[in-house]
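A.B. asks: Curious how this folds, go ahead:
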Amino acid sequence: MNKNPKPHSHNHPFVMEAAPRRYAWCSCGASQKQPFCDGSHGSTGMFPVIVEITETKTVAWCGCKVSGTKPFCDGSHKKFND
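C.D. replies: Alright, predicted model coming up:
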């Protein structure tokens with residue numbers, strides 16, 4: 001059972017190659033374009049975390065939304081059951 005209350009969050013990181021550019025990471029879990037913001041945060045009072053990637057690299061974006069190193073995964077998802 002997913003104990004994470006955010007609707008579109010995941011109990012694993014989104015590991016992908018990120019090209020150099022600015023990214024808007026979804027902090028609220030409402031975006032249907034995880035791990036990135038699609039503007040669904042509306043009335044949540046939350047906003048995306050903007051991060052600038054300056055060189056192509058593999059990034060583990062936080063999927064559970066509770067990482068202590070937002071927007072990047074720190075393993076916090078391990079406290080949730082799938």
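A.B. asks: which non-adjacent residue is nearest Cys62?
C.D. replies: If you skip the residues right next to it in sequence, Cys62 has Cys73 as its closest partner in space, 4.8 Å away by CB to CB, 6 or more residues apart in numbering. Glycine gets a C-beta too; all of them are placed from N, C-alpha and C.
A.B. asks: contacting residues for that neighbour?
C.D. replies: Taking CB atoms under 8 Å, 6 or more residues apart in numbering as the definition of contact, the neighbours of Cys73 are Pro13, Ala60, Trp61, Cys62, Gly63, Ser67.
A.B. asks: Next one: it relative to Phe80, how far apart?
C.D. replies: Plainly put, Cys73 is 13 Å away from Phe80 if you go by CB to CB, to the nearest Å.
A.B. asks: got a list of what Asp74 touches?
C.D. replies: With contacts defined as CB under 8 Å, 6+ apart, the neighbours of Asp74 are Cys62, Ser67, Gly68.
A.B. asks: Counting neighbours, which of those residues comes out on top?
C.D. replies: The member of those that has the most neighbours, counting by other CB atoms under 10 Å, is Cys62 with 27 neighbours.
A.B. asks: Could you measure from that one over to Val15?
C.D. replies: Counting by CB to CB, the separation of Cys62 from Val15 is 11 Å.
A.B. asks: just Trp25 next, same as before
C.D. replies: For Trp25, the distance to Val15 (CB to CB) stands at 14 Å.
A.B. asks: between the two, which one's more packed in?
C.D. replies: Under the criterion of other CB under 10 Å, the comparison of Trp25 against Val15 puts Trp25 first, with 21 against 11.
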